[in-house]
Structure formats: C-alpha cells, structure tokens
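Trainee: Need a 3D model of the sequence below.
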Amino acid sequence: MRLWLFDTNAVSAAIHRHSAIFDARLVKEGTKGVRVSAITYGEIRYVLESKPQAIRLARNADDFFREVPILPWTETTSEVYGALRAEMRRIGKALQPLDMLIAAHALETEATLVSSDRAFRYVPGLAVEDWTA
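Mentor: Next comes the predicted model:
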C-alpha cells in the first residue's frame with residue numbers, strides 16, 4: 001500500500017473542499033493510505049483555535065481526522081530531522097521550520113508528501129506530489 005503524508009495545505013484542501021481536482025484525487029486514492037504528521041495536526045488545530053466562529057470548518061476537520069491517522073513524532077523521526085536539517089544546510093537550501101519537521105516525518109515513514117508547496121522539491125530523497133495541479 002502506498003503511503004501519503006498530507007502537508008498542512010493538503011489537509012486544508014481536504015477540509016475546505018474548494019479544489020475539484022484535489023477532491024477527485026482524494027476520492028480516487030481513498031483515505032486508507034493517507035496519514036498526517038503530528039506537526040500538521042498541530043498547525044490545523046492552531047488555525048481552528050484562531051477561528052472559533054468557523055464551526056463548519058471545525059466539523060469538516062474533525063470528520064477528516066476521524067478517518068486519517070495522525071503519526072506521532074518519535075525518536076527516529078528526530079534523528080531523521082537532525083540529518084535532514086544538516087544536509088539542507090550543507091547544500092544551501094532552507095525550509096520553514098515546521099516544513100522541515102514535516103519533510104523529516106515523510107522521509108522517516110517513506111511516505112510521498114502531498115503538498116502544493118514547491119519548496120519541498122529541494123529536499124533530497126523526498127517524494128512529493130501536488131494533488132491540486
């Protein structure tokens with residue numbers, strides 16, 4: 001089974017349901033192989049806490065997270081993160097701090113990262129797909 005790790009913008013596309021292309025791909029793939037990093041889950045929870053009036057959005061998020069497992073951050077994930085951050089520095093590339101954590105989580109789980117953020121394409125060894133394109 002192929003494993004897909006949704007970045008924050010992919011989870012947002014799934015819960016907002018504004019992209020017909022993304023929605024069609026999600027229907028095609030199903031949620032069985034979809035995972036979310038604990039880092040992404042925290043980012044989504046922050047957005048929901050910042051918008052307490054967004055009741056429908058919160059309901060959509062809760063529905064999504066009932067179907068999709070959240071991967072915990074582990075000691076192994078931390079080791080992959082340390083190596084990745086050092087490698088990115090050596091090659092002169094940078095990611096936002098939370099994106100670096102999410103990339104490490106995808107590498108550690110050998111998942112394809114689903115994201116529309118082009119910065120992830122600079123991460124050595126990381127498989128990335130944009131389901132909105």
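Trainee: Only the buried residues of the top helix by length along the chain, if you could.
Mentor: Longest helix of the chain, by residue count under DSSP state H: helix 75-91. Of all the residues in helix 75-91, those buried under the rule 16 or more other CB atoms under 10 Å are 77, 80, 81, 84, 85, 88. The C-beta positions use only the backbone N, C-alpha and C, and glycine is treated the same way.
Trainee: phi, psi of residue 113?
Mentor: The phi and psi values for residue 113, taken as degrees, to the nearest 10, are phi -80, psi 130.
Trainee: what's near enough to touch the residue nearest the centre of the chain?
Mentor: Nearest residue to the geometric centre of the chain (CA atoms, centre = their mean): residue 7, 1.8 Å. Going by CB atoms under 8 Å, 6 or more residues apart in numbering, residue 7 touches 40, 99, 102, 113, 114, 115, 117, 120.
Trainee: Next one: the second one from residue 84, what distance?
Mentor: Translated: residue 99. Applying CB to CB, to the nearest Å, the value for residue 99 to residue 84 is 11 Å.
Trainee: in this protein, which spans are strands?
Mentor: Under the criterion DSSP state E, strands of the chain are mapped to 4-6, 34-37, 70-71, 112-114, 128-129.
Trainee: Any chance of a markdown table for those strands, columns distance to residue 20, mean neighbour count and mean pLDDT?
Mentor: A markdown table is the format used below for those (distance: least, CB to CB, whole Å; neighbours: other CB atoms under 10 Å; pLDDT from 0 to 100):
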| stretch | distance to residue 20 | mean neighbour count | mean pLDDT |
| --- | --- | --- | --- |
| strand 4-6 | 18 | 27 | 98 |
| strand 34-37 | 18 | 24 | 98 |
| strand 70-71 | 26 | 18 | 98 |
| strand 112-114 | 16 | 23 | 98 |
| strand 128-129 | 17 | 17 | 98 |
